[in-house]
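Colleague: quick one: sequence plus predicted model below, questions after.
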Amino acid sequence: MIPIKTLDYHYHLSTIFPSTLPVIPGTESPDIGSKDYDPNDGYLKKVKVVDYRHTRFALDPRTCLFSMVRFVVI
C-alpha cells in the first residue's frame, strides 16, 4: 500500500493544478463540499499527496482525481 499524506498548503489552487479544466460532457464531478478547498477564492488549506517512486501525485479537489505535480513542498 502507498501512504497518502495530508500537507498544510495555504496557497492558490493554480500553484499545483491548471486553473481551468477541460470539461467533457458526462464527466462532471458532483460538488463534494471539501472543507480544505473554497471554490470562491481558489485557495487550498490542505492537499493530499502520494509519492510513488520519483513522482508526486496530488488530489485535485475539483475532480477528486490524482494528478502528477512537479513540486509540492513538505
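Modeller: Happy to help now that I have it.
Colleague: which residues of the chain score low on pLDDT?
Modeller: 23-34, 70-74 (pLDDT under 70).
Colleague: contact partners of stretch 37-53?
Modeller: Residues from elsewhere that reach stretch 37-53 (CB atoms under 8 Å, 6 or more residues apart in numbering): 2-14, 16, 19, 35-36, 56-59, 61-62, 66, 69, 72. From N, CA and C alone the C-beta is placed, and that goes for glycine too.
Colleague: that stretch: how far from the chain's middle?
Modeller: The chain centre lies 4 Å from the centre of stretch 37-53; the measure is CA atoms, centre = their mean, to the nearest Å.
Colleague: and that stretch, what's buried?
Modeller: Within stretch 37-53, the residues that count as buried by 16 or more other CB atoms under 10 Å are Tyr37, Leu44, Val47, Lys48, Val49.
Colleague: could you do stretch 7-27 as well?
Modeller: Neighbour-count burial for stretch 7-27, counted by 16+ other CB under 10 Å, picks out Tyr9, Leu13, Ile16, Phe17.
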